[in-house]
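A.B. asks: no sequence for this one, just the structure:
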(Lines give C-alpha, C1' and ligand atoms only; values in the text may rest on other atoms or scores of the structure.)
Protein backbone atom coordinates (compact mmCIF):
# COMPACT_ATOMS: atom_id res chain seq x y z
CA UNK A 1 0.00 0.00 0.00
CA UNK A 2 1.32 3.46 -0.93
CA UNK A 3 2.47 5.55 2.05
CA UNK A 4 0.43 8.56 0.90
CA UNK A 5 -2.76 6.48 0.97
CA UNK A 6 -1.91 5.11 4.43
CA UNK A 7 -1.27 8.58 5.83
CA UNK A 8 -4.34 10.16 4.24
CA UNK A 9 -6.55 7.38 5.60
CA UNK A 10 -5.83 8.59 9.15
CA UNK A 11 -7.14 12.09 8.58
CA UNK A 12 -9.75 11.29 5.91
CA UNK A 13 -11.18 7.75 5.84
CA UNK A 14 -10.77 7.29 9.61
CA UNK A 15 -11.01 10.94 10.54
CA UNK A 16 -13.99 10.53 12.90
CA UNK A 17 -12.85 7.28 14.49
CA UNK A 18 -9.13 8.02 14.89
CA UNK A 19 -7.99 11.55 14.09
CA UNK A 20 -10.83 13.44 15.82
CA UNK A 21 -10.52 11.31 18.97
CA UNK A 22 -6.73 11.72 18.95
CA UNK A 23 -7.07 15.51 18.74
CA UNK A 24 -9.79 15.50 21.42
CA UNK A 25 -7.45 13.85 23.94
CA UNK A 26 -4.62 16.24 23.06
CA UNK A 27 -6.80 19.29 23.65
CA UNK A 28 -8.81 18.05 26.63
CA UNK A 29 -5.78 16.92 28.62
CA UNK A 30 -3.21 19.38 27.17
CA UNK A 31 -0.86 16.57 26.20
CA UNK A 32 1.37 18.42 23.72
CA UNK A 33 2.66 21.96 24.24
CA UNK A 34 4.99 24.39 22.51
CA UNK A 35 8.61 23.55 23.25
CA UNK A 36 8.01 19.88 24.02
CA UNK A 37 10.41 17.23 22.80
CA UNK A 38 8.48 13.96 22.83
CA UNK A 39 9.81 10.43 22.54
CA UNK A 40 7.14 8.33 20.82
CA UNK A 41 7.70 4.81 22.10
CA UNK A 42 7.34 2.29 19.27
CA UNK A 43 7.12 -1.28 20.55
CA UNK A 44 6.34 -2.70 17.13
CA UNK A 45 2.63 -3.42 17.58
CA UNK A 46 -0.30 -1.81 15.80
CA UNK A 47 -1.04 0.65 18.62
CA UNK A 48 2.43 2.15 18.88
CA UNK A 49 2.76 2.52 15.11
CA UNK A 50 -0.70 4.12 15.01
CA UNK A 51 0.48 6.58 17.65
CA UNK A 52 3.67 7.30 15.70
CA UNK A 53 1.73 8.13 12.53
CA UNK A 54 -0.76 10.34 14.40
CA UNK A 55 2.04 12.25 16.10
CA UNK A 56 3.82 12.59 12.76
CA UNK A 57 0.69 14.05 11.16
CA UNK A 58 0.27 16.43 14.09
CA UNK A 59 3.84 17.62 13.64
CA UNK A 60 3.30 18.17 9.91
CA UNK A 61 -0.06 19.89 10.02
CA UNK A 62 -0.59 21.09 13.59
CA UNK A 63 -0.17 24.55 15.09
CA UNK A 64 2.05 23.42 17.98
CA UNK A 65 5.82 23.91 17.85
CA UNK A 66 7.34 20.71 19.23
CA UNK A 67 9.94 18.03 18.40
CA UNK A 68 9.56 14.28 17.95
CA UNK A 69 11.82 11.28 18.39
CA UNK A 70 10.57 7.81 17.42
CA UNK A 71 12.18 5.52 19.96
CA UNK A 72 12.25 1.73 19.78
CA UNK A 73 13.65 -0.39 22.59
CA UNK A 74 14.74 -3.93 21.75
CA UNK A 75 14.35 -5.85 25.03
CA UNK A 76 15.41 -9.11 23.37
CA UNK A 77 12.97 -9.73 20.51
CA UNK A 78 13.63 -12.74 18.32
CA UNK A 79 15.17 -11.74 14.99
CA UNK A 80 12.00 -12.29 12.95
CA UNK A 81 9.96 -9.95 15.14
CA UNK A 82 12.69 -7.32 15.22
CA UNK A 83 13.06 -7.46 11.45
CA UNK A 84 9.30 -6.95 11.05
CA UNK A 85 9.47 -3.86 13.27
CA UNK A 86 12.26 -2.39 11.13
CA UNK A 87 10.42 -3.24 7.91
CA UNK A 88 7.23 -1.57 9.13
CA UNK A 89 9.14 1.52 10.25
CA UNK A 90 10.64 1.83 6.76
CA UNK A 91 7.28 1.18 5.08
CA UNK A 92 5.55 3.82 7.26
CA UNK A 93 8.34 6.39 6.94
CA UNK A 94 9.18 6.30 10.66
CA UNK A 95 12.83 7.05 11.45
CA UNK A 96 13.44 4.85 14.48
CA UNK A 97 16.02 5.49 17.17
CA UNK A 98 16.75 1.92 18.34
CA UNK A 99 18.46 0.96 21.59
CA UNK A 100 19.00 -2.46 23.16
CA UNK A 101 18.35 -3.79 26.65
CA UNK A 102 18.55 -7.22 28.28
CA UNK A 103 15.10 -7.16 29.88
CA UNK A 104 13.77 -10.45 28.47
CA UNK A 105 16.81 -12.36 29.69
CA UNK A 106 16.38 -10.90 33.17
CA UNK A 107 12.64 -11.35 33.64
CA UNK A 108 12.39 -14.87 32.19
CA UNK A 109 14.43 -16.08 35.18
CA UNK A 110 11.71 -14.88 37.57
CA UNK A 111 9.24 -17.34 39.06
CA UNK A 112 5.63 -17.05 37.98
CA UNK A 113 4.42 -14.29 35.67
CA UNK A 114 7.15 -11.72 34.98
CA UNK A 115 4.77 -9.16 33.46
CA UNK A 116 4.80 -6.63 36.30
CA UNK A 117 8.61 -6.59 36.56
CA UNK A 118 8.96 -6.46 32.78
CA UNK A 119 6.60 -3.48 32.51
CA UNK A 120 8.44 -1.56 35.24
CA UNK A 121 11.84 -2.23 33.69
CA UNK A 122 10.67 -1.28 30.21
CA UNK A 123 9.16 1.96 31.50
CA UNK A 124 12.36 2.84 33.34
CA UNK A 125 14.55 2.22 30.29
CA UNK A 126 12.23 4.28 28.10
CA UNK A 127 12.33 7.23 30.49
CA UNK A 128 16.11 7.02 30.80
CA UNK A 129 16.74 6.85 27.05
CA UNK A 130 14.28 9.66 26.34
CA UNK A 131 15.99 11.83 28.94
CA UNK A 132 19.38 11.14 27.29
CA UNK A 133 17.90 12.37 24.01
CA UNK A 134 16.76 15.62 25.63
CA UNK A 135 13.07 14.76 25.71
CA UNK A 136 10.68 15.95 28.40
CA UNK A 137 7.88 13.49 27.58
CA UNK A 138 7.37 9.91 26.45
CA UNK A 139 4.23 8.98 24.52
CA UNK A 140 2.75 5.49 24.84
CA UNK A 141 0.17 3.81 22.58
CA UNK A 142 -2.42 2.89 25.23
CA UNK A 143 -5.92 3.32 23.80
CA UNK A 144 -9.53 3.50 25.03
CA UNK A 145 -9.86 -0.26 25.48
CA UNK A 146 -6.63 -0.47 27.51
CA UNK A 147 -8.07 2.14 29.87
CA UNK A 148 -11.41 0.47 30.53
CA UNK A 149 -9.86 -3.00 30.79
CA UNK A 150 -7.43 -1.65 33.40
CA UNK A 151 -10.34 -0.23 35.39
CA UNK A 152 -12.12 -3.58 35.36
CA UNK A 153 -9.00 -5.57 36.28
CA UNK A 154 -8.33 -3.22 39.15
CA UNK A 155 -11.89 -3.49 40.41
CA UNK A 156 -12.31 -7.26 40.07
CA UNK A 157 -8.81 -8.52 40.89
CA UNK A 158 -7.09 -5.83 42.99
CA UNK A 159 -10.16 -4.69 44.97
CA UNK A 160 -9.49 -1.04 44.25
CA UNK A 161 -10.56 1.56 41.70
CA UNK A 162 -7.78 2.80 39.45
CA UNK A 163 -7.40 3.82 35.86
CA UNK A 164 -4.74 4.76 33.33
CA UNK A 165 -4.38 8.54 33.44
CA UNK A 166 -3.99 10.42 30.14
CA UNK A 167 -0.79 11.97 31.48
CA UNK A 168 1.30 11.76 34.63
CA UNK A 169 4.60 12.98 36.01
CA UNK A 170 7.40 10.47 36.50
CA UNK A 171 8.22 9.68 40.13
CA UNK A 172 11.81 8.71 39.35
CA UNK A 173 12.87 10.90 36.42
CA UNK A 174 12.89 14.62 37.09
CA UNK A 175 10.90 16.83 34.72
CA UNK A 176 9.75 13.82 32.69
CA UNK A 177 6.12 13.17 31.85
CA UNK A 178 4.18 10.28 30.29
CA UNK A 179 1.32 10.99 27.86
CA UNK A 180 -1.29 8.75 26.21
CA UNK A 181 -2.60 10.54 23.08
CA UNK A 182 -4.74 7.56 21.92
CA UNK A 183 -6.78 7.76 25.13
CA UNK A 184 -10.11 8.03 23.26
CA UNK A 185 -9.23 5.89 20.21
CA UNK A 186 -10.88 2.46 20.16
CA UNK A 187 -8.85 -0.66 19.45
CA UNK A 188 -11.37 -1.91 16.89
CA UNK A 189 -10.84 1.22 14.80
CA UNK A 190 -7.07 0.75 14.90
CA UNK A 191 -7.59 -2.82 13.70
CA UNK A 192 -9.79 -1.59 10.86
CA UNK A 193 -7.11 0.94 9.83
CA UNK A 194 -4.49 -1.83 9.85
CA UNK A 195 -6.63 -4.19 7.78
CA UNK A 196 -7.72 -1.59 5.22
CA UNK A 197 -4.09 -0.62 4.61
CA UNK A 198 -2.93 -4.25 4.37
CA UNK A 199 -0.43 -3.87 7.21
CA UNK A 200 0.96 -6.58 9.50
CA UNK A 201 2.46 -5.88 12.93
CA UNK A 202 3.86 -8.02 15.72
CA UNK A 203 1.25 -8.99 18.31
CA UNK A 204 2.93 -9.88 21.58
CA UNK A 205 6.63 -10.62 21.15
CA UNK A 206 7.63 -11.39 24.73
CA UNK A 207 9.28 -14.74 25.43
CA UNK A 208 6.92 -15.54 28.30
CA UNK A 209 3.87 -15.36 26.02
CA UNK A 210 5.70 -17.35 23.34
CA UNK A 211 6.41 -20.06 25.91
CA UNK A 212 2.78 -20.10 27.07
CA UNK A 213 1.58 -20.37 23.47
CA UNK A 214 3.85 -23.36 22.93
CA UNK A 215 2.69 -25.14 26.07
CA UNK A 216 -1.01 -24.46 26.53
CA UNK A 217 -2.36 -22.93 23.35
CA UNK A 218 -1.79 -19.23 23.94
CA UNK A 219 -0.97 -17.27 27.06
CA UNK A 220 -2.72 -14.17 25.75
CA UNK A 221 -6.07 -15.94 25.56
CA UNK A 222 -5.74 -16.78 29.23
CA UNK A 223 -4.58 -13.36 30.42
CA UNK A 224 -6.66 -11.19 32.74
CA UNK A 225 -6.76 -8.43 30.13
CA UNK A 226 -8.19 -10.82 27.54
CA UNK A 227 -10.71 -11.96 30.14
CA UNK A 228 -11.80 -8.34 30.57
CA UNK A 229 -12.12 -7.95 26.80
CA UNK A 230 -14.46 -10.93 26.69
CA UNK A 231 -16.44 -9.71 29.70
CA UNK A 232 -16.96 -6.23 28.27
CA UNK A 233 -17.92 -7.69 24.88
CA UNK A 234 -20.50 -9.91 26.58
CA UNK A 235 -21.93 -6.99 28.60
CA UNK A 236 -22.28 -4.90 25.46
CA UNK A 237 -24.74 -7.44 24.08
CA UNK A 238 -27.35 -6.10 26.51
CA UNK A 239 -25.97 -2.56 26.95
CA UNK A 240 -24.11 -1.02 24.02
CA UNK A 241 -22.90 1.86 26.20
CA UNK A 242 -21.08 -0.31 28.74
CA UNK A 243 -17.58 0.59 27.54
CA UNK A 244 -18.34 4.32 27.43
CA UNK A 245 -19.98 4.15 30.86
CA UNK A 246 -16.89 2.49 32.34
CA UNK A 247 -14.74 5.29 30.95
CA UNK A 248 -17.16 8.04 32.07
CA UNK A 249 -17.25 6.59 35.58
CA UNK A 250 -13.70 7.84 36.13
CA UNK A 251 -14.92 11.40 35.50
CA UNK A 252 -17.91 11.06 37.83
CA UNK A 253 -16.56 9.66 41.11
CA UNK A 254 -18.63 10.99 44.03
CA UNK A 255 -16.38 10.96 47.10
CA UNK A 256 -19.37 11.51 49.40
CA UNK A 257 -20.63 8.02 48.54
CA UNK A 258 -17.35 6.14 49.13
CA UNK A 259 -16.52 4.24 52.29
CA UNK A 260 -12.86 5.06 51.84
CA UNK A 261 -10.35 6.46 49.37
CA UNK A 262 -6.67 7.38 49.13
CA UNK A 263 -5.39 10.86 48.37
CA UNK A 264 -1.64 11.62 48.20
CA UNK A 265 -0.87 8.30 49.97
CA UNK A 266 -3.22 9.17 52.84
CA UNK A 267 -6.17 6.86 53.42
CA UNK A 268 -9.41 8.64 54.25
CA UNK A 269 -12.41 6.81 55.72
CA UNK A 270 -15.87 8.33 55.53
CA UNK A 271 -16.25 7.86 59.30
CA UNK A 272 -13.32 10.23 59.94
CA UNK A 273 -15.60 13.26 59.72
CA UNK A 274 -18.97 11.52 59.77
CA UNK A 275 -20.23 13.20 62.97
CA UNK A 276 -18.81 16.56 61.98
CA UNK A 277 -21.09 16.56 58.98
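C.D. replies: The structure has been received and is ready for your questions. If you're wondering where the values come from, they're calculated on a predicted model, not measured in any experiment. Numbers count the residues shown, from 1 in each chain.
A.B. asks: what about residue 69, how many residues close to it?
C.D. replies: Residue 69: 19 surrounding residues under other CB atoms under 10 Å. Any C-beta I mention is one placed from the backbone N, CA and C, and that applies to glycine too.
A.B. asks: Residue 124 and residue 172 touch, don't they?
C.D. replies: Yes - counting by CB atoms under 8 Å, residue 124 sits close enough to residue 172 to count as a contact (7.1 Å).
A.B. asks: Looking at the two, which one has more neighbours?
C.D. replies: Counted by other CB under 10 Å, residue 124 and residue 172 do not tie: residue 124 has more neighbours, with 15 against 9.
A.B. asks: From residue 47, how far off is the more buried one?
C.D. replies: 20 Å (CB to CB, to the nearest Å).
A.B. asks: again, but for residue 174
C.D. replies: According to CB to CB, residue 174 and residue 47 sit 28 Å apart.
A.B. asks: end to end, how far does stretch 22-38 reach?
C.D. replies: Start-to-end span of stretch 22-38 (CA to CA, to the nearest Å) is 16 Å.
A.B. asks: quick one, strands of the stretch 1-150 of the chain?
C.D. replies: 37-41, 67-74, 96-100, 137-139 (DSSP state E, counting those that start in this stretch).
A.B. asks: Okay, helices next: where are they in the stretch 151-277 of the chain?
C.D. replies: 187-196, 207-216, 224-235, 242-249 (DSSP state H, counting those that start in this stretch).
A.B. asks: Helix 224-235 and the shortest one, what's the angle between them?
C.D. replies: Here helix 242-249 runs at an angle of 110 degrees relative to helix 224-235 (axes from the mean of the first three to the mean of the last three CA atoms, to 10 degrees).
A.B. asks: For helix 242-249, name the packing helices and strands.
C.D. replies: Applying 3 or more CB pairs under 8 Å, 6 or more residues apart in numbering; DSSP states H and E, we find helix 242-249 packed against helix 144-157, helix 224-235.
A.B. asks: can you put the ones you listed in TSV and add mean neighbour count?
C.D. replies: Output for the helices and strands packed on helix 242-249, formatted as TSV (neighbours: other CB atoms under 10 Å):
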stretch	mean neighbour count
helix 144-157	18
helix 224-235	14
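A.B. asks: So for residue 262, which of the ones you listed sits nearest?
C.D. replies: helix 144-157 (12.8 Å; CB to CB).
A.B. asks: That closest one versus helix 242-249: what angle between them?
C.D. replies: Using the same axes, to 10 degrees: helix 144-157 against helix 242-249 is 80 degrees.
A.B. asks: how far out from the middle of the chain is helix 144-157?
C.D. replies: 13 Å (CA atoms, centre = their mean, to the nearest Å).
A.B. asks: what sits against the spatially closest residue to residue 133 that is not a sequence neighbour?
C.D. replies: Spatial nearest neighbour of residue 133, excluding adjacent residues (CB to CB, 6 or more residues apart in numbering): residue 69 at 5.4 Å. If a contact means CB atoms under 8 Å, 6 or more residues apart in numbering, then residue 69 has 37, 38, 39, 40, 97, 130, 133, 135 as its contacts.
A.B. asks: For residue 69, give the beta-bridge partners.
C.D. replies: On the basis of DSSP bridges, residue 69 is bridged to residue 39.
A.B. asks: Which members of the contacts of residue 69 are classed as buried?
C.D. replies: When these are checked for burial by 16 or more other CB atoms under 10 Å, the buried set is 38, 39, 40, 130, 135.
A.B. asks: Just give me the closest of those residues to residue 264.
C.D. replies: Taking the buried ones among the contacts of residue 69 together and measuring to residue 264 by CB to CB, the closest member is residue 130, at 26.4 Å.
A.B. asks: Hmm, residue 176 and that closest one touching each other?
C.D. replies: Yes - between residue 130 and residue 176 a contact is recorded at 7.0 Å, counting by CB under 8 Å.
A.B. asks: Show me the common contact partners of the two, please.
C.D. replies: Here residue 130 and residue 176 have 137, 138 as joint contacts, going by CB under 8 Å, 6+ apart.
A.B. asks: one step back: comparing residue 174 and residue 47, which shows the higher neighbour count?
C.D. replies: Neighbour totals were compared for residue 174 and residue 47, and residue 47 leads with 23 against 8 (other CB under 10 Å).
A.B. asks: Without its sequence neighbours, what residue ends up closest to that one?
C.D. replies: The nearest residue in space to residue 47 (CB to CB, 6+ apart) is residue 141, at 3.6 Å.
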